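Peer 1: Quick one, structure for this:
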Amino acid sequence: MDIHYDKKKIKKYCEIFKEASRQYGTDIARKINQWISELAAFENLDEVVSTYFKGCHLLKGNRKGCYAVDLNNQYRIVFKPYIEDLSLNLDDISMEDIKVIIIKEICDYHD
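Peer 2: Predicted coordinates:
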């Protein structure tokens, strides 16, 4: 699966261990690096969701349409499926056809 990033800062945290470590600590930085590598190895979003990869779950509210995977009991990587045809919504597309995701944030959204 291809991974894109919503912001340069998020890309930096996901791709540069030292930056992630500075922001989140060494343990979380290792997990970010590992989880991004593992997400990239999946063929499509269906594989991520159907295997319940790292607690992958659909979000609601102001993050509707996004998914999250657990880094630990506090932090999550939040991502959104990339849909090329903007006239479609997530319900109109098979998850097997979604091969690109956009990392939106790394956060504790339970605060």
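Peer 1: Output the contacting helices and strands for the longest strand anywhere in the chain.
Peer 2: Looking across the chain with DSSP state E, the single longest strand is strand 100-107. Packing partners of strand 100-107 (3 or more C-beta pairs under 8 Å, 6 or more residues apart in numbering; DSSP states H and E): strand 2-5, helix 8-15, helix 26-41, strand 76-81. In this view, the C-beta of every residue, glycine as well, is placed from N, C-alpha and C.
Peer 1: Now with 6 Å, please.
Peer 2: Packing partners of strand 100-107 (3 or more C-beta pairs under 6 Å, 6 or more residues apart in numbering; DSSP states H and E): strand 2-5, strand 76-81.
Peer 1: quick one, which of the ones you listed is packed in tightest?
Peer 2: The highest mean neighbour count among the helices and strands packed on strand 100-107, using mean count of other C-beta atoms under 10 Å, belongs to strand 76-81: a mean of 22.
Peer 1: Tell me the strands beside it, with direction?
Peer 2: If you go by DSSP bridges, strand 76-81 pairs up with strand 67-70 (antiparallel), strand 100-107 (antiparallel).
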